[in-house]
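would you be able to build a 3D model of this:
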Amino acid sequence: MDSGLRERKKQKTRAAIRRAGRRIAAAHGWEAATIERIAAEAEVSPSTVVRYFPVREDILLTDENDEHLEALLRARPAGEEPLESLRAVTVEAIGAALAADPEELRVRARLMADTPAVRARFTETTAETGRRLARALADRTGRAPDDLEVRVFAAAVLGALREAVLYWAERGLAEDLTALLHRTLDTLRTGPTLPARP
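Numbers count the residues shown, from 1 in each chain. Next up, the predicted model:
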């Protein structure tokens, strides 16, 4: 089997496992989405599920977007403020996910809000995404990838976006998520505004 065909087969298997896990979780909750049940739904063996997803929560949370997100960030105009660059690429990525499969994004958000193990793993995967984006930001700003300011900034933006998604889920997914993301990033720039004095 040539390498291209082998890779397509792997991607197809990975996608089938993800779909199965998310379908079961949406219908019955995350605890019901056992490795065995996911394997049966995806028509693969339990060992295949574990091989592709050693951490069960990654079935729900991971996708192939980190590399794409980094490429988008590197392609932003030179001289653009880092916050605006990150705003452009993250809002575009989440908007694309909403357009492609809004129900999948809603399921993921609900489970992140309601399931401590999923929320904890989401925090870990967000940190991994932050490290990738920090490398791109470092290159764009002429700093080292382990520069404190670069690391803090990337982590702050992604942590803020994580909170926006949780806020959205905790309030019944009723608000406009894109507007919430812009509001979140505006808050990073200005901080909370003080209430008007009587």
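
packing partners of the least confident helix or strand in the chain by mean pLDDT?
Least confident helix or strand, the chain: helix 65-74 with a mean of 84, by mean pLDDT, DSSP states H and E. Judged by 3 or more Cβ pairs under 8 Å, 6 or more residues apart in numbering; DSSP states H and E, the packing partners of helix 65-74 are helix 82-100, helix 116-141. Where C-beta positions appear, they are placed from N, C-alpha and C, glycine not excepted.

now the ones you listed in CSV, with mean pLDDT?
Shown next, in CSV, are these (pLDDT from 0 to 100):
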stretch, mean pLDDT
helix 82-100, 90
helix 116-141, 89
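
out of these, which is closest to Ala174?
helix 82-100 (14.1 Å; Cβ to Cβ).

show residues contacting the closest one.
By Cβ atoms under 8 Å, 6 or more residues apart in numbering, the surrounding residues in contact with helix 82-100 are 65, 68-69, 72-73, 76, 104-105, 133, 137, 140-141, 153-154, 157-158, 161, 177-178, 181-182, 185, 188-189.

show me how this structure divides into domains.
Under the assignment automatic domain parsing, the domains of the chain span 3-59, 63-190.

from the middle of its chain, how far away would the shortest one be?
In other words, domain 3-59. With Cα atoms, centre = their mean, to the nearest Å as the basis, domain 3-59 stands 18 Å off its chain's centre.
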